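Undergrad: Fold the following, please.
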Amino acid sequence: MQTESAIAIAVIAAIGLYFYRKPPGGGHSGASEQPTQTTPVGSNMTKAPITKPTRNNDPIMPNTGTGPRGIRNNNPLNIEFNATNQWDGQTGSDGRFAIFTTPFFGIRAAGRLLRNYRVSHGLNTPRGIISRWAPAFENNVSAYLNSVTKRTGFLPDLVLNQGDYPALVAAMILHENGQQPYTMQLIAEAVNAGFN
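TA: Numbering: from 1, shown residues only. Sure thing, here's the model as predicted:
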């Protein structure tokens, strides 16, 4: 009986490690051609043991110099650095992408960009947003859009409400990095801060 229990525990651990694998970092401000997990956005795979997210007490993910570039930079949507964009919490560039002090500020900047897409460019559907975020000259827009719509359940041409954006951002983070280590509470607070 103990042997069967030990085998069952080993199998469960192996399955957990398989789904927790971190593909190599990369990508740009848009898409990653890396395989991504198919875990729904709201599942337990999106949660991480972190503290209550606020602007001043933001959960700082361990930055060990490994893992996807967006996670290491606290810029999980891979916003390209532009010296004229003086984002709150931005500390510099890694040569191409902005680096933020915490994930909150990186996600907040993405929320602000998505708000600008909506207000200034009329882009308020997953298709419109992804087509601009991950332009076809260096991304597979269809693959990115399919990844996001599959994880959110949104139709490609659904007009999003502000309340839909945290789920969209969580799915984009997962596509960009091959993992989504943040709580939905953190994502919602950061996205809403970007919209306000």
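
Undergrad: What distance separates the opening and closing residues of stretch 68-87?
TA: Start-to-end span of stretch 68-87 (C-alpha to C-alpha, to the nearest Å) is 21 Å.

Undergrad: hey, which helix or strand in this protein has the poorest pLDDT?
TA: Here the helix or strand of the chain ranked lowest by mean pLDDT, DSSP states H and E is helix 2-20, holding a mean of 43.

Undergrad: buried residues in the next helix or strand after that helix?
TA: Going down the chain from helix 2-20, the next helix or strand is helix 69-72, by DSSP states H and E. Residues 69, 70, 71, 72 are the ones in helix 69-72 that count as buried (16 or more other C-beta atoms under 10 Å). Where you see a C-beta, it was placed from the backbone N, CA and C, and this is true even at glycine.

Undergrad: Show the secondary-structure elements that helix 69-72 is packed against.
TA: Using 3 or more C-beta pairs under 8 Å, 6 or more residues apart in numbering; DSSP states H and E, the elements in contact with helix 69-72 are helix 165-177.

Undergrad: Only the C-alpha atoms, please, for the helix it packs on, written as CSV.
TA: Taking C-alpha atoms only, helix 165-177 is exported to CSV below (Å, rounded to 0.1, in the frame of the first residue of the first chain):
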residue,chain,number,x,y,z
TYR,A,165,-9.3,43.6,-19.9
PRO,A,166,-7.7,41.7,-16.9
ALA,A,167,-8.6,38.4,-18.4
LEU,A,168,-7.3,39.6,-21.8
VAL,A,169,-4.0,40.7,-20.2
ALA,A,170,-3.6,37.4,-18.2
ALA,A,171,-4.0,35.5,-21.5
MET,A,172,-1.5,37.8,-23.2
ILE,A,173,1.0,37.4,-20.4
LEU,A,174,0.7,33.6,-20.8
HIS,A,175,1.2,33.8,-24.5
GLU,A,176,4.1,36.2,-24.3
ASN,A,177,6.0,34.2,-21.6
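
Undergrad: And it, what does it pack against?
TA: helix 69-72, helix 103-121, helix 126-133, helix 141-152, helix 184-195.

Undergrad: Next, the angle helix 165-177 makes with the last one.
TA: Compare the direction of helix 184-195 with that of helix 165-177 by axes from the mean of the first three to the mean of the last three C-alpha atoms, to 10 degrees and you get 100 degrees.

Undergrad: What mean pLDDT does helix 184-195 get?
TA: Across helix 184-195, pLDDT averages out at 98.

Undergrad: In terms of secondary structure, what does it contact?
TA: Checking 3+ C-beta pairs under 8 Å, 6+ apart, helix 184-195 ends up next to helix 103-121, helix 165-177.
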